[in-house]
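Novice: I'd like to go over a predicted model; first the sequence, then the structure.
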Amino acid sequence: MNLKAIREIFRYPSVVIGVLIILFLVVVSIYTVFAIPYDQAVKLWRGSEEDWYKSPKIAAPIWYNWFLTDKLPVTQDIFSNDPSVTRMITANSAGRVITYTFPIKYDYATFPNDISLYFATNFQDKKPFVDISWITPDGKETRLNGFEIDKKFTYRLNQDDKVTRKLGGVVASTGLFADPKIKTKPTPVKGTYYLKINVVTFDQTTDLSTELIIYGKVAGWAGTDYLRRDLGIALLWGTPIALMFGLLAALGTSISQLIIAGISAWFGGWVDTILQRITEINLVLPFLPILIMIGTFYSRSIFVILTAVILLSIFGQGIKTFRAVFMQIKESAYIEAARAYGASNFRIIFLYMIPRLIPMLIPDLIVLIPSYVFLEASLAILGLGDPTLPTWGKMIQDSESQGALYQGWYYWVLEPSVLLMVTGLAFSVVGYALDRIFNPRLRSQ
Amino acid sequence: MAGKPLLKVEDLVLHFKTTKGKVQAVDKVNFSLMPNEAVVIVGESGCGKSSLAKAILRLLPNNIETYSGKVFFEDRDIMLLSDEEFRKNVRWQRMSMVPQAAMNSLNPVMRIGDQVTEPYLIHTGVSKTEAIKQAKKVFGYVGVPEDFLNRYAFELSGGMRQRAIIAMAIITMPGLIILDEPTSALDVLTQANIFNVLKTLKRELEISFILITHDIATSSELADKVAVMYAGQIVEVSDATSFFTHALHPYSRKLMDSVPRLRGDKEPDFIIGQPPSLLNLPIGCRFRDRCPSRFEKCDQEPPMIQQDGHLVKCWLYQNSKESHHG
């Protein structure tokens, strides 16, 4: 393709947009692969406690707040060594009493998601005892609970039944912030709260560090899911996977089809018969059930599925279409001339016949890419996605299994769906424009 | 002309199998060709001229029924070679062809340079630069400017395309070129130009030609020898001058009479009737139904008879032969 043809393509505004979207997706893919290496992405998506304890469950993307007058709470993460935290130590003969006071500024009209405390201590023989109290902005102090802690200890206030009972049957993240005067609908009181932790240690050296996290309702640019995972990871990693799957599958099938159709048309006879019968049999074989079988019994690795998709698609409709065109090209005078001057069979197929079909192939190929991207997503939604990889399809599957639409967590469903649609649109727009350029007869006046 | 013939065809038979029956496209054809000689094969459409060319070059379709005879080329029977040997050592190496639909014989998606060098690359295995050098050389012979190497076929005029095809035929410097109606789609001026190119090639490269045509007038410029083909058989072979002055076979005479003359007010003649279908040939002389000098003997197949330096397949000359020898 020369410069003139390229300039002609960009005469279509839709192509400019399509190409920009594709370029954007490619840039995102490259960025993702380098910024979040594969191993790290797989590890993060496995969703272990250490990776994600700082993010809230099912939080909307942070940009939700741009459109709201009553902002949703963001996560507050306060360490015990933060300067705002006061620390007092009194020593006695038995041990020490350390008192931390965490100030919590709360200015939101809705309640946070959850409150957790993460303790780490280095006691020797006897576990330290922790006593937690809550001070509301009006100065009222309530003792919440007291317990012994291990070297590492997590205390989730919402899961403590004792606290829930004390707050009259509502979970801590609501009850602690609620205005006691409003009975109808719990409403948070704005102001500064304090969380006081009294630690009683039984020797002089024991120390303790605490992290207080008040989980918000928005997190990250893409939100989080039910396992606290940042959905951004799935959106980012979904891009290279979708593009790779689409491109490899489309290229793999189209090129193999072109070659097989060329061989079938050129040699004719029994070669043609066998290849065409294989194609016809393959055309009536059900595609999805075979893939489901492979996914269930063998492997759901993306490369196994990709290979299966390519193998099942090679003997497809394309062979019939390409062969029909090859049959016509085969009879051209220049093919006979090539045969006369001794070009071998494969030279004729690869140098004389296949190049004639390239203009037909390229638009088809580009339109084919999104269909394989969708196929990959569909397989993931059916539960046949690669279990280790974060992909767009997996996101939709998770959201569906958690009832995201029913619960109103639209971002969870819409983000991957919009990306899928935009990808499909971009490739289709470019593909159809290329079709008009390569096949000028399709151009309308 | 003394010496060994370059090409000697003996009893070459090529019959096709079709759903309607057997097509006797080439039936026991004999002729020979000396080095640096041009033989013109004339005949009506469908008389088997192109099939003869394809039979010599072994470019056969799938529906062959009989393909037999002997073709001696440069002192060996090339009919005995395997297809692969033939492709590697004979076709285009020593004997090439300008196909009938020459105008369409260039790959539309290849540059002329790439296309013309293809046979050279295939047969000699030299580098691309070497091949381009050779292409420039042969472009010089056929009169195509060198910068056409980078053009595509559709950017060339008909005459230029034809020259490019001829360049492709001579790029491997073969001893023999078979030209199948090389000028049939060209205007008169271009035809003359192409014939001048062929004459130059014959003179400078000492190439032999088999020129297949139904245009006797134009081909007379190049011909050393003329072979007339009728219904799959060669009915007369003669040297060109003698043929154009006095053809012997009644069919040849009729053919010559049908050529319009530039001077003189003789109206061109025509031949009554149609040539017989190659599917269903009459026994005996195949021309007899249209022959003005037909007599009883014509019901039997005539032999090739030597007469005045001509070889003629007609009973008319049998007696004179006998008297000649007797």
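Specialist: Structure received.

Novice: buried residues in the helix or strand of chain A with the lowest mean pLDDT?
Specialist: Ranking every helix and strand in chain A by mean pLDDT, DSSP states H and E puts helix A:3-9 at the bottom, with a mean of 74. Judged by neighbour count using 16 or more other Cβ atoms under 10 Å in any protein chain shown, the buried positions of helix A:3-9 are A:I9. Backbone N, C-alpha and C define where each C-beta goes, glycine included.

Novice: That helix close to chain B?
Specialist: No - if you take Cβ under 8 Å from any Cβ of the partner chain as the test, helix A:3-9 misses chain B, and the best it gets is 13.8 Å.

Novice: May I see the buried residues of the helix or strand just after that helix?
Specialist: Per DSSP states H and E, the first helix or strand lying C-terminal to helix A:3-9 is helix A:13-35. By 16+ other Cβ under 10 Å, the buried positions in helix A:13-35 come out as A:15, A:18-19, A:21-22, A:25, A:28-29, A:32-33.

Novice: I'd like to know which residues of the stretch 301-445 of chain A are adjacent to chain B.
Specialist: Counting by Cβ under 8 Å from any Cβ, the residues of the stretch 301-445 of chain A near chain B are A:332-334, A:336-344, A:347, A:351-352, A:355-356, A:358.

Novice: Just the buried ones from those, in ChimeraX syntax?
Specialist: Buried residues among those (16+ other Cβ under 10 Å), as a ChimeraX selection:
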select /A:332,333,334,336,337,338,339,340,341,342,343,351,352,356
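
Novice: what pLDDT, on average, does the helix or strand where B:V40 lies get?
Specialist: Per DSSP H and E: B:V40 is located in strand B:38-42. Strand B:38-42 carries an average pLDDT of 91.

Novice: Same question for stretch A:355-363.
Specialist: Per-residue scores along stretch A:355-363 average to 87.

Novice: which residues make contact with that stretch from outside it?
Specialist: A:254, A:258, A:322, A:325-326, A:329, A:431-432, A:434-435, A:438-439, B:108-110 (Cβ atoms under 8 Å, 6 or more residues apart in numbering or on different chains).

Novice: what sits against residue 174?
Specialist: No chain was given, so I picked chain A. Counting by Cβ under 8 Å, 6+ apart, the residues that A:T174 touches are A:111, A:167, A:186.

Novice: Actually, chain B is the one I wanted.
Specialist: Residues near B:P174 by Cβ under 8 Å, 6+ apart: B:92-96, B:207.

Novice: now swap in B:H246 and tell me
Specialist: With Cβ under 8 Å, 6+ apart, B:H246 has these contacts: B:D308.

Novice: Among the buried residues of helix A:13-35, which one sits closest to B:I234?
Specialist: Checking those against B:I234 with Cβ to Cβ, the nearest one is A:V15 at 62.6 Å.

Novice: tell me what the helix or strand hosting B:I166 is packed against?
Specialist: Assigned by DSSP H and E, B:I166 falls within helix B:158-170. On a contact count with 3 or more Cβ pairs under 8 Å, 6 or more residues apart in numbering or on different chains; DSSP states H and E, helix B:158-170 meets strand B:95-98, helix B:112-124, helix B:128-142, strand B:176-180, helix B:188-205.

Novice: Now flag whichever of the buried residues of helix A:13-35 is closest to chain B.
Specialist: A:V15 (23.9 Å; Cβ to the nearest Cβ).
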